[in-house]
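Student: Here is a sequence with its predicted model. Questions after.
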Amino acid sequence: MTRIILLTAIYFISLVAKADDGMWIPLLLKGYTIADMQKKGFKLTAEDIYSINHASLKDAVVIFGRGCTGEIISDQGLLLTNHHCGYSAIHSQSTMEHNYLEDGFWSMRLEEELPIKGLSVRFLDFIEDVTGKVLAKVKAKDSEMVREEKIRKAIDELTAQYKKDDFTEVSIKPFYYGNQYFMYVYKVYKDIRLVGAPPSSIGKFGGDTDNWMWPRHTGDFSIFRVYAGKNNQPATYSKENIPLKPKKSLKISLKGVHPGDFTMVMGFPGRTQEYLPAVAVKSITQVQNPAGILLRNLRLTEMRHFMDADPAMKLKYAAKYASVANYWKKWIGENKGLYTVDAIAKKEAYEKKFTDWVGSSKTTLAKYNGLLPAYNEIYKKMNPALKTREYLNEGLIAVALVRFMRNFDSSLKNFNTKTDTEKKETQEKLLKATQGFYKSYDYDLDVKIYRQMILAYNKNITDAGRFAFFKTTKRNDNEMKEGMAIYTKSLFLDSNKVLSLINRLNDENINALKNDGMFKFYRSMVKFYRQEIKPNIDKYGTQLDSLNRLYMQAQMAFEKDRHFYPDANFTMRVTYGQVKGFEPRDGVVYKYNTTLKGVMEKEDTTVYDYKVAGRLKAIFETKDFGKYGDNGKMPVCFLATNHTTGGNSGSPVLDADGNLIGLNFDRNWEGTMSDIWYDKDLCRNISLDIRYFLMIVDKFAGDKRLIDEMTFVE
């Protein structure tokens, strides 16, 4: 009895130590979570956050595009998100003559707002717990394959039942590793227009140098507008569409932020893995992340050489470079953070206590005995395949010309057995893809990246990871002449020849394409992956699915008084905390906010990331901050303890009254480990102070019509 009491005390201490983290489902805020929020300063109710009976905060928060969050900030459908979330949309409208990335874009009238092809936003209609419906026919004796098939069929039936039209989206996802299922139903708006964006010298200030870092001085925002049909319902683009009249728009606070203030973030965090065993974290930090870091670094180095030498290349590859650099730096910080807090050792200590608990009774022993050793065996067998997958996906497939082969692999398959109509459709699709590829393709850069990738693969992948080409090439052969010839002699380097062959597809032309060395290289690689690597990963992945579900059950039984939140899976979540600085290492103290003075201090005209617009310098020198300044200073960014991740980019940061005070855009580098291990002393989310956004719109851009749309709380 004494031993059990002691263990319970230890578990309680562990729970208290991690009490600041959490990504909570809005539907389930009632009870402990909302009480804890209110205890920490929140002044609203759970119904104010999520309701299906009246307008609530969830009605003002949207999925922006494919992987970000946005929020509605006026009763005319004005939408705010990050600059990096709107980056592709801004880039799509930019030319050398009108470079909106470099110079910014501001529409002064509705007629000047730019439609963005393919961009949509999703408003959450409602959430429903459908666990009973999804698992109704699942039996304990079912194999994992049978279980998955029954679940898939149930999800398909529910989706068909609730999907009313092309503007409705139904998403049913597993929570707690498949122990529970929730359905999220969205209304999709497809006419989205660019309203305003600061120049990159503001919206991307600090660039990749400052990415994931603190202190931060980035004005990371862009502005869009949601348009609807005349009935205020979703519609495809039309000049006749009008600005959306939303159910809810956020009020904006001008009160500012101070240390200790309550903060809440609502958004769509992408993916976390908080409940993994130690051996899985070892795989991430010692196998998968190092491979991704190495390969992306090689690509970035080659890209930077070309971008620095040519402004046209800089514009051409700006979005690609930013995309590659983002997770390269994140993985570095994630590894660093996990090692700093000794997360693996802490998980191993937890697992020792867990194992003691499993052995404490016949019931737990019968259910969970051998669970952790099973993880160890799986990862021992799985890690080589995971490493090879990284070298394929982040290495060889990342080469533009290699990746381009995908189009031909799928289009040419069984071409001659297709009907004339199908052949015509295939040709048109292939022509469109090919024309688009060559428009953005650069031989000189891509061939250098290719060389780096085959060298890296040749050096670091051994034995079972070496497919046909590498089995005939000596390791450490620096010239790799055979490999380079595959690229430099490929007919796919001649766009006119390729387009001509596509326009006249017949047996002879199809064979010419299929017999090309690059196409054969790609097919050899794909065949190897599909036959040798993927089956192993899938096999072990299926075993892990079963183990993860059981381990999640076991942890919840082990710590029955702990309030477990489900891992992020790109569904709406609420996280809360407080404005707070941090101390990353001995002797270093970071305050909670930054100001415009820091922008001026970072200015470096020789470094692209630190150029400052002349107009912004003039505003700083005259202190023309308007009502947005704070005692002669212009706040720019601030820190808080909200638990966020990818997908939370663009999320609103709200105060205790539910008013908008900031725009989430990043995490501190030391805290990127929060996807796996949240540490209350190191993990911080970085947000744009909403007053800096307003000052840029008002004073820098002079777009006062937008200011007039918004509702403020003084």
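Tutor: Received the coordinates, thanks. Note that the structure is predicted; figures quoted are calculated from it, not measured.

Student: what comes up buried for stretch 42-55?
Tutor: 42, 44, 46, 48, 49, 50, 51 (16 or more other C-beta atoms under 10 Å). No exception for glycine: its C-beta is placed from N, CA and C like everyone else's.

Student: Report the mean confidence score over it.
Tutor: Mean pLDDT, computed over stretch 42-55, is 97.

Student: first to last residue in that stretch, what's the distance?
Tutor: 19 Å (C-alpha to C-alpha, to the nearest Å).

Student: Please state the offset of that stretch from the chain centre?
Tutor: 27 Å (C-alpha atoms, centre = their mean, to the nearest Å).

Student: Next: stretch 395-409.
Tutor: On C-alpha atoms, centre = their mean, the centre of stretch 395-409 falls 23 Å from that of its chain.

Student: Same question for stretch 676-686.
Tutor: With C-alpha atoms, centre = their mean, you get 17 Å for stretch 676-686.

Student: Identify each buried residue in it, please.
Tutor: Buried-residue list, stretch 676-686, by 16+ other C-beta under 10 Å: 676, 677, 678, 679, 680, 682, 683, 684, 685, 686.

Student: Nearest to residue 297 among the residues you listed?
Tutor: Nearest to residue 297 among these is residue 676, at 21.6 Å by C-beta to C-beta.

Student: list the contacts for the closest one?
Tutor: The contact partners of residue 676, taken as C-beta atoms under 8 Å, 6 or more residues apart in numbering, are 272, 273, 274, 276, 281, 284, 334, 338, 343.

Student: Assign residue 22 to helix, strand or coil.
Tutor: Using DSSP: H, G, I helix; E, B strand; the rest coil, the structure places residue 22 in coil.

Student: Which residue, other than its chain neighbours, is closest to it?
Tutor: Nearest residue to residue 22, sequence neighbours excluded (C-beta to C-beta, 6 or more residues apart in numbering): residue 565, at 4.5 Å.

Student: returning to what we had before: now flag whichever of the buried residues of stretch 676-686 is closest to residue 592.
Tutor: residue 684 (9.0 Å).

Student: Please point out which parts of the host helix or strand of residue 334 sit buried.
Tutor: Following DSSP states H and E, one finds residue 334 within helix 311-340. Residues 313-319, 321-322, 324-335, 337-338 are the ones in helix 311-340 that count as buried (16+ other C-beta under 10 Å).

Student: gap between the residue nearest to residue 22 and residue 553?
Tutor: Look at residue 565 and residue 553: by C-beta to C-beta, to the nearest Å, they are 16 Å apart.

Student: So, low pLDDT: which residues of the stretch 451-600 of the chain?
Tutor: 472-480 (pLDDT under 70).

Student: all strands for it, in order.
Tutor: 573-578, 582-585, 588-590, 593-595 (DSSP state E, counting those that start in this stretch).

Student: wait, what's in contact with the closest residue to residue 369 other than its chain neighbours?
Tutor: In space, and not counting its chain neighbours, residue 369 is closest to residue 358: 6.2 Å by C-beta to C-beta, 6+ apart. By C-beta under 8 Å, 6+ apart, the contact set of residue 358 is 364, 365, 368, 369, 371, 554.

Student: what about residue 358, distance to residue 140?
Tutor: From residue 358 to residue 140 the distance is 19 Å (C-beta to C-beta).

Student: again with residue 615
Tutor: Taking C-beta to C-beta as the measure, residue 615 falls 67 Å from residue 140.

Student: Residue 59 too?
Tutor: For residue 59, the distance to residue 140 - C-beta to C-beta - is 40 Å.

Student: who has more neighbours, residue 615 and residue 140?
Tutor: residue 615 (17 against 5; other C-beta atoms under 10 Å).

Student: ok, and the closest non-adjacent residue to the more buried one?
Tutor: residue 700 (5.8 Å).

Student: And that neighbour, how far from residue 618?
Tutor: From residue 700 to residue 618 the distance is 10 Å (C-beta to C-beta).

Student: Do you have the strands of the stretch 101-250 of the chain handy? List them.
Tutor: Counting by DSSP E, counting those that start in this stretch, the strands of the stretch 101-250 of the chain are 105-106, 114-115, 121-129, 168-175, 180-189, 191-197, 222-228, 242-243.

Student: Of all those strands, which one is nearest residue 78?
Tutor: Smallest distance to residue 78 across the strands of the stretch 101-250 of the chain (C-beta to C-beta): 5.6 Å, for strand 222-228.

Student: So what are the sheet partners of that closest one and their directions?
Tutor: Strand 222-228 pairs in its sheet with strand 78-81 (antiparallel), strand 191-197 (antiparallel), strand 242-243 (antiparallel), by DSSP bridges.

Student: what comes up buried for that strand?
Tutor: So strand 222-228, judged by 16+ other C-beta under 10 Å, has buried residues 222, 223, 224, 225, 226, 227, 228.

Student: if we can go back for a sec, hmm, the residue nearest to residue 615 is touching residue 203, no?
Tutor: No. Applying C-beta atoms under 8 Å as the test, residue 700 and residue 203 come out as separate, 11.3 Å apart.

Student: re earlier: of residue 700 and residue 618, which one has the most company?
Tutor: Legend: neighbour count by other C-beta under 10 Å for residue 700 and residue 618, higher for residue 700 (21 against 12).

Student: was I right about residue 22 contacting residue 568?
Tutor: No. The pair residue 22 / residue 568 is not scored as a contact, 10.7 Å apart, by C-beta under 8 Å.

Student: Among the two, which residue is more densely surrounded?
Tutor: residue 568 (24 against 21).

Student: what sits against that one?
Tutor: 23, 269, 270, 271, 272, 645, 647.

Student: okay if I get those residues as JSON lines plus neighbour count and pLDDT?
Tutor: Output for the contacts of residue 568, formatted as JSON lines (neighbours: other C-beta atoms under 10 Å; pLDDT from 0 to 100):
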{"residue": "23", "neighbour count": "25", "pLDDT": "97"}
{"residue": "269", "neighbour count": "25", "pLDDT": "98"}
{"residue": "270", "neighbour count": "17", "pLDDT": "97"}
{"residue": "271", "neighbour count": "12", "pLDDT": "96"}
{"residue": "272", "neighbour count": "25", "pLDDT": "97"}
{"residue": "645", "neighbour count": "24", "pLDDT": "96"}
{"residue": "647", "neighbour count": "23", "pLDDT": "96"}
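
Student: of all those residues, which comes closest to residue 146?
Tutor: Looking across the contacts of residue 568 and measuring by C-beta to C-beta, the closest to residue 146 is residue 271, at 26.5 Å.

Student: ok, so of the buried residues of stretch 676-686, who is nearest residue 590?
Tutor: Distances from residue 590 to the buried residues of stretch 676-686, taken by C-beta to C-beta, are shortest for residue 684, at 8.4 Å.
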